[in-house]
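> sequence first, predicted coordinates after that:
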Amino acid sequence: SLIAVTSATLWQKKISNNLPLSVSNMYQAIGGFLFHLVIIIFFIKEPFIDFSKTFIIAMSHQILLVSFGAFTILMFLIKKNSASKTISVFFLIPPTSAIMAWLFLGENLNNVDIFGFVIATLGVYIATRETN
């Protein structure tokens, strides 16, 4: 997935940096839909969705926060920054996820984890800082 995201980011930066954020989001959604539709057609014999309350809440979260929110932020970063600066921010995803798991799920963080967070944060800072 990292290869796909990196390739798409570089491609978008090169050919379509002038698209509005809503149009970029639409293309991302169409691409994701087509990919998953192909997977369903070729690999799932009897597709079934249980439209329970939990499913609807989970899908609402994915659509509103992840698809709309995160992709809008990603497209904004691609438009305003270089592709390398944008992609380097992805290295903060594992530390952020681990900190959220510690806060909300009670998972343990050890010294090696924290040291890794510091290294990743410094690396992103070095890659994204403004040079004079």
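Yep, that arrived.
> next structured bit after the helix of greatest length in the chain?
As assigned by DSSP state H, the longest helix anywhere in the chain is helix 21-43. Later in the chain than helix 21-43, the nearest helix or strand by DSSP states H and E is helix 53-61.
> from the chain's centroid, how far away is that following helix?
Put simply, helix 53-61 sits 19 Å off its chain's centre (Cα atoms, centre = their mean, to the nearest Å).
> which residues are contacting the helix or strand hosting Tyr125?
Using DSSP H and E, Tyr125 sits within helix 111-128. With contacts defined as Cβ atoms under 8 Å, 6 or more residues apart in numbering, helix 111-128 is touched by Asn81, Ser84, Lys85, Ser88, Val89, Phe91, Leu92, Pro94, Pro95, Ala98, Ile99. In this view, the C-beta of every residue, glycine as well, is placed from N, C-alpha and C.
> closest one of those to Lys45?
Pro94 (35.4 Å; Cβ to Cβ).
> what about the closest residue in space to the closest one that isn't next to it in sequence, distance to Ala98?
Among residues not flanking Pro94 along the chain, Ala120 sits closest, at 7.2 Å (Cβ to Cβ, 6 or more residues apart in numbering). Note on Ala120: its distance to Ala98, by Cβ to Cβ, to the nearest Å, is 10 Å.
> how about Ile73?
Separation of Ile73 from Ala98 (Cβ to Cβ): 20 Å.
> tell me which of those two has more neighbours.
Ranked by neighbour count (other Cβ atoms under 10 Å), Ile73 and Ala98 place Ala98 first, with 17 against 12.
> I'd say the more buried one and Leu105 touch.
No - in this structure, Ala98 is not within contact of Leu105 by Cβ atoms under 8 Å, at 10.2 Å.
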